[in-house]
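J.: how would this look folded up:
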Amino acid sequence: MTDGETLVEAALRVLNTADPVEKAKLGDELANKWLQGLISVPYHPSQADFIVPDRPARLTNVKLVSPSLMPKLGKAGSLQSRQAIVHSLVHTESWAIDLSWDIIARFGKQESMPKEFFDDFVRVAQDEGRHFTLLAARLEELGSFYGALPAHDGLWDSAVATSKDLFARLAVEHCVHEARGLDVLPTTISRFRNGGDDQTAELLEKVVYPEEITHCAAGVKWFKYLCSRSKNTSVGNVMENGDDKESEEVIGKFHEIVRAYFRGPLKPPFNEVARKAAGFGPQWYEPLAVKDFTR
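T.: Residues are numbered from 1 along each chain as shown. Model (predicted):
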């Protein structure tokens, strides 16, 4: 770390690190420095804006294919299927690291976000780095490695589509994609357990799953914050107190954003318990799952 480095500058260093192992390690170090106060400011208001890369630095060891051309992962009944599922999770976590640092670098100063915003997403970034490291190690224990199988970059495609709008980034990445992870993880955990792989099941159940709920919660929290700031009212408090009118406005904004930036309907079944724990109920997402969904 250079003397006087801001958090945004630190975030850019992570984004410009190509090796995902080094990216996770650097992210963890910088997160600790921020949370311990060793990096003291998120950015200098008078400093010229830095250029945030459209695409973070990445190694070319992972063969990228269209999502439609991805081979089926299977149901964890065979070693090959378990390797494929864990490889897919490792790839997702590698992008999640970049997404977390990108939201800090791209929107923190631009939107004049408060310190708590940076705190929350630094913690998310640190979690994602830990998930990547643990899952990559587990993949090697299963006799494979990151890069052994093809992957797709649909997650970053969504990041590009939402790169100009923090409302959209929070709604699509954290309240749609991350929430989708909450929907499917319990089934994935059960499949590993049924396939005799308790070690992977425990990793997903005890570490990844509960922390992903907090990541989704960060998206919901800061989406509500943006709504409240745009109306100069405390929407977060209002929603907790059950103000139906204000709730409808926030949820209506969420529906508007998702319809504009996310292609197609949301896929049920939904993990209502985990989604509720993250701060949003069925009225947020069930209307987006109807068959006549239109953009």
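
J.: can I assume G74 is in contact with Q83?
T.: No: the pair G74 and Q83 fails to qualify as a contact (CB atoms under 8 Å) at a distance of 9.5 Å. In short, each C-beta sits where N, CA and C put it, glycine included.

J.: okay, these two: which has more neighbours?
T.: Q83 (20 against 15; other CB atoms under 10 Å).

J.: identify the residue spatially nearest to that one, adjacent ones excluded.
T.: S144 (4.3 Å; CB to CB, 6 or more residues apart in numbering).

J.: pull out the buried positions in stretch 11-22.
T.: 11-15, 17, 20 (16 or more other CB atoms under 10 Å).

J.: and those residues, which is closest to I104?
T.: A11 (4.5 Å; CB to CB).

J.: show me what the strand or helix carrying the closest one is packed up against.
T.: A11 is part of helix 7-15 when elements are defined by DSSP states H and E. Counting contacts by 3 or more CB pairs under 8 Å, 6 or more residues apart in numbering; DSSP states H and E, helix 7-15 packs against helix 20-35, helix 79-107, helix 115-141.

J.: those: which one's closest to V250?
T.: Closest approach to V250 among the helices and strands packed on helix 7-15 (CB to CB): helix 115-141, 17.5 Å.

J.: what mean pLDDT does that closest one have?
T.: For helix 115-141, mean pLDDT rounds to 98.

J.: with stretch 219-228 instead?
T.: Computed over stretch 219-228, the average pLDDT equals 96.

J.: and Q80, what does it touch?
T.: G74 (CB atoms under 8 Å, 6 or more residues apart in numbering).

J.: from A278, how far off is it?
T.: 33 Å (CB to CB, to the nearest Å).

J.: F167 reaches K253, doesn't it?
T.: Yes: the pair F167 and K253 qualifies as a contact (CB under 8 Å) at a distance of 7.3 Å.

J.: got phi/psi on T6?
T.: When read as degrees, to the nearest 10, the backbone of T6 gives phi -90, psi 170.

J.: so the residue lying closest to it once chain neighbours are set aside, which of the three states?
T.: Counting by CB to CB, 6+ apart, T6 lies nearest to Y43, which is 4.9 Å off, once chain neighbours are set aside. Following DSSP: H, G, I helix; E, B strand; the rest coil, Y43 is assigned to coil.

J.: would you agree Y43 is in contact with A11?
T.: No: using CB under 8 Å, Y43 makes no contact with A11, being 9.7 Å away.

J.: can you pull the contacts of A57?
T.: Per CB under 8 Å, 6+ apart, neighbours of A57: 15-18.

J.: helix, strand or coil for it?
T.: A57 is classified as coil under three-state DSSP.

J.: ok, now how distant is it from D98?
T.: Taking CB to CB, one finds A57 at 9 Å from D98.

J.: which neighbours do these two have in common?
T.: Jointly contacting A57 and D98 under the rule CB under 8 Å, 6+ apart are L15.

J.: any low-confidence regions in the chain?
T.: 1-3, 232-246, 290-295 (pLDDT under 70).

J.: could you chop it up by domain?
T.: 1-153, 165-295 (automatic domain parsing).
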